[in-house]
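Peer 1: sharing a model prediction with you, sequence too.
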Amino acid sequence: MAIEITAFESSPDRGQGLARDMPVRWALEEVGQDYSVRLQSFAALKGADHRARQPFGQIPTLQDGDVALFESGAIVLHIGSTWPGLLPAGLPARARAIAWIFAAVSSVEPLIVERETAGYLERDQAWFDARNALLGDRIRRRLSDVSVHLGARDWLEDEFTAGDLMMVSVLRRLKNDSLLSEPLARYVARAEARPAFGRAFHAQKAVFLSSQSGRTLAATPS
Ligand SMILES: N[C@@H](CCC(=O)N[C@@H](CS)C(=O)NCC(=O)O)C(=O)O
């Protein structure tokens, strides 16, 4: 059955692999499923066609036969539930892996995104520095809990799972930020060394690079 996902036609992160089609691509690579990508402009994201797929007018979405999904965590859970490779077979370990998907998107990501958003929208406010410090402290405490749980292990549980894939996808938003402690930076690097991550990253980056070369050509007609 053909799988189609949606992604930005031109990613605002300039190919750093932060747009959220990245965890979806990575999960499909981990389980060895081919997929096609429907590229969307910002304007198209907000149109009725795309909103029928994604009510908030965002990427990513996934169409897998008659399964139509939005929300990167739900998509990764679907991929892990459908093909072997990302969720352990035994129920206790599988349930733990699923809990980590939720932990990534509901207990860790919102804190990071709130600080990012403050950086974009509130930087000019007189109280910005105090608020930014507070938001940084909240992230630091939450990440310290993740790090304590990880301990000396390679992955959050006994093996790499969809839970690690989502957690690392979220932590990558802090790459090169001092909030990401050494042990967590090593955890991210371990995951990024997986061949499936590399394939997903380069596929997403290729879209960005081709959007840029298109622009250069358009800007310099012969
Ligand atoms: N919780 C959603 C967030 C999706 C999201 O924020 N997508 C961003 C790109 S990474 C987007 O489409 N932004 C454009 C917009 O919101 O207009 C998920 O994980 O899928």
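Peer 2: Here it is on my side, so go on. Residues are numbered from 1 along each chain as shown.
Peer 1: just the strands in this structure please.
Peer 2: For the chain, the strands defined by DSSP state E cover 3-8, 36-40, 61-64, 67-70.
Peer 1: could you dump those strands to CSV with distance to the ligand, mean neighbour count and mean pLDDT?
Peer 2: Heads up, the C-betas are built off the backbone N, CA and C, glycines and all. What follows is the strands of the chain, written out as CSV (distance: least, C-beta to the nearest ligand atom, whole Å; neighbours: other C-beta atoms under 10 Å; pLDDT from 0 to 100):
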stretch, distance to the ligand, mean neighbour count, mean pLDDT
strand 3-8, 7, 20, 97
strand 36-40, 9, 17, 96
strand 61-64, 8, 21, 98
strand 67-70, 6, 16, 98
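Peer 1: how close does L121 sit to S72?
Peer 2: According to C-beta to C-beta, to the nearest Å, L121 and S72 sit 23 Å apart.
Peer 1: ok, the two, which is more surrounded?
Peer 2: Remark: of L121 and S72, S72 carries more neighbours, 27 against 10, as counted by other C-beta atoms under 10 Å.
Peer 1: ok, the more buried one - contacts?
Peer 2: Contacts for S72 (C-beta atoms under 8 Å, 6 or more residues apart in numbering) come out as 20-21, 23-24, 60, 105, 166, 169.
Peer 1: which members of those residues occur in helices, if any?
Peer 2: Among the contacts of S72, the ones falling in helices (DSSP state H) are 21, 23-24, 166, 169.
Peer 1: ignoring the adjacent residues along the chain, who's closest to the residue in the chain that the ligand sits nearest to?
Peer 2: Closest contact between the chain and the ligand, by C-beta to the nearest ligand atom, is at Q58 (3.1 Å). In space, and not counting its chain neighbours, Q58 is closest to L45: 6.4 Å by C-beta to C-beta, 6 or more residues apart in numbering.
Peer 1: got a list of what that neighbour touches?
Peer 2: Contacts for L45 were tallied using C-beta under 8 Å, 6+ apart; they are 54, 57-59.
Peer 1: the ligand contacts on this protein?
Peer 2: 19-20, 45, 57-60, 71-72 (C-beta under 6 Å from any ligand atom).
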